[in-house]
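*Asks:* quick one, structure for this:
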Amino acid sequence: MSASQKLKTERRFLGEMHGMLEVMKQVAASELKHLEAWLRPEEAAPLVISESQLPSRSGALGEFSGLFQLLKAARPDSLLIKRAGATAGVVCFTSDSGFVGDLNSRVIRQALSVLPSGERACFVIGSQGGRILTEQGTSHKGFPGIRDPKTMEGLSVVREALLNWTFAEPNGSLTLIYPRYRSIVRQDLVQILILPIEETRTPLSPTMTRDVLLEGPVKQIEQKAAFWWIGTLLKEAAWHAKLCELAARVNHLEGSVDELGRQQRQMTFQYFHALHEEMDTAVREVYASRRILGGGPLR
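*Replies:* All right, here's what the predicted structure looks like:
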């Protein structure tokens, strides 16, 4: 195979790869735009990504504050309010697929930085994060990524695992790490201490505590509070993580498309250069052959 034919084959391959990545970029951009504009059933206003767009930890804390006050007043040793110990757990959100640049690596590096050298538990949502930890020899509990943040399918399994760990490790802390979506060009890492609840509130009076709390099973109330508290924060994290995944994929594929376009233009120049060189060589060889055989000059 001649040099020009090889270059032509490589040029065709680059063109096909360029077209495929361009399609992938457009699909990711379309999904991102659709997800940004999607109305969740319980919302009556268009979705605008901002600090107040989703139930942030501070917003969720406001909703749960009354219950936390009651638990703190009734049980000074509450698992939700006071959990001081060496055991630490971390849960982080990554993606199931690639083409997201260093997004997953950043999340995993942050997760490893908060885990102590002693006892620890690492929960990873997304196969890419699990792959990175496996390559590093770090034990972890992996879960499939959240494919559709509209339905949050699969999130209940994660919540159940975190609840089991929470009540099995009464002296442990639990940290959530995920990328927060700011814009298509900016995704920040967020680190949230899920448990214990650090914020101190003005305790309720002993009379109110006795009248309200002691009539019900405090432990079950505490477990149900943890169920909704962890679930609320996981939903927020899953939503932002999916938006960041799509945004990172658009940015990464944009760079790949530009680089392939540059290589394709360079390959086109090399192809025509090699083709003209081969044509010139062929003309010279024909001319030399005619002279050797006694023929006249080419006309």
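*Asks:* which element follows the lowest-mean-pLDDT helix or strand in the chain toward the C-terminus?
*Replies:* Lowest on mean pLDDT, DSSP states H and E among the helices and strands of the chain sits helix 206-212, with a mean of 52. Using DSSP states H and E, the helix or strand that follows helix 206-212 in sequence is helix 218-292.
*Asks:* just checking, what packs against that next one?
*Replies:* Contacts defined by 3 or more CB pairs under 8 Å, 6 or more residues apart in numbering; DSSP states H and E place helix 218-292 against helix 3-37, helix 57-74, strand 88-93, helix 103-114, helix 155-168, strand 173-183, strand 186-195. (Each C-beta comes from the backbone N, C-alpha and C, glycine too.)
*Asks:* now it against strand 88-93, angle please.
*Replies:* 50 degrees (axes from the mean of the first three to the mean of the last three CA atoms, to 10 degrees).
*Asks:* I'd like the average pLDDT over helix 218-292.
*Replies:* On average, the pLDDT along helix 218-292 is 83.
*Asks:* so that helix versus strand 186-195, what angle?
*Replies:* 150 degrees.
*Asks:* got the angle for helix 218-292 vs strand 173-183?
*Replies:* 50 degrees.
*Asks:* ok, and what's touching the one helix or strand residue 132 maps to?
*Replies:* Secondary structure assigned from DSSP H and E places residue 132 in helix 127-135. Helix 127-135 is contacted from outside by 92-98, 100, 104-105, 107-108, 122, 124, 139-140, 142, 144-145, using CB atoms under 8 Å, 6 or more residues apart in numbering.
*Asks:* and the residues you listed, which of them are buried?
*Replies:* Buried members of the contacts of helix 127-135, counted by 16 or more other CB atoms under 10 Å: 92-95, 100, 104, 107-108, 122, 124, 140, 142, 145.
*Asks:* would you reformat those residues as a markdown table and include distance to residue 252 and pLDDT?
*Replies:* Converted to a markdown table, the buried ones among the contacts of helix 127-135 look like this (distance: CB to CB, whole Å; pLDDT from 0 to 100):
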| residue | distance to residue 252 | pLDDT |
| --- | --- | --- |
| 92 | 20 | 94 |
| 93 | 18 | 94 |
| 94 | 15 | 94 |
| 95 | 11 | 92 |
| 100 | 6 | 89 |
| 104 | 11 | 93 |
| 107 | 15 | 94 |
| 108 | 17 | 92 |
| 122 | 25 | 90 |
| 124 | 21 | 94 |
| 140 | 25 | 89 |
| 142 | 23 | 91 |
| 145 | 17 | 87 |
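*Asks:* closest to residue 278 among these?
*Replies:* residue 100 (42.9 Å; CB to CB).
*Asks:* which non-adjacent residue is nearest that closest one?
*Replies:* residue 248 (4.0 Å; CB to CB, 6 or more residues apart in numbering).
*Asks:* quickly name whichever of the buried ones among the contacts of helix 127-135 is closest to residue 181.
*Replies:* When these are compared against residue 181 (criterion: CB to CB), the nearest one is residue 93, at 11.7 Å.
*Asks:* wouldn't residue 169 be in contact with residue 120 here?
*Replies:* No - counting by CB atoms under 8 Å, residue 120 is not a contact partner of residue 169; they are 10.3 Å apart.
*Asks:* and of the helices and strands packed on helix 218-292, who's closest to residue 279?
*Replies:* helix 3-37 (9.0 Å).
*Asks:* touching, residue 122 and residue 142? I think so.
*Replies:* No - judged on CB under 8 Å, residue 122 makes no contact with residue 142 at a distance of 9.2 Å.
*Asks:* what is the neighbour count of residue 34?
*Replies:* The number of residues packed near residue 34 is 10, by other CB atoms under 10 Å.
*Asks:* give me the neighbour count for residue 273.
*Replies:* 13.
*Asks:* my error: substitute residue 68 in the last question.
*Replies:* Neighbours around residue 68, by other CB under 10 Å: 19.
*Asks:* which residue packs closest to it, ignoring adjacent ones?
*Replies:* residue 197 is the one closest to residue 68 (CB to CB, 6+ apart), at 5.6 Å.
*Asks:* and the one you found, what pLDDT?
*Replies:* So, for residue 197, pLDDT stands at 74.
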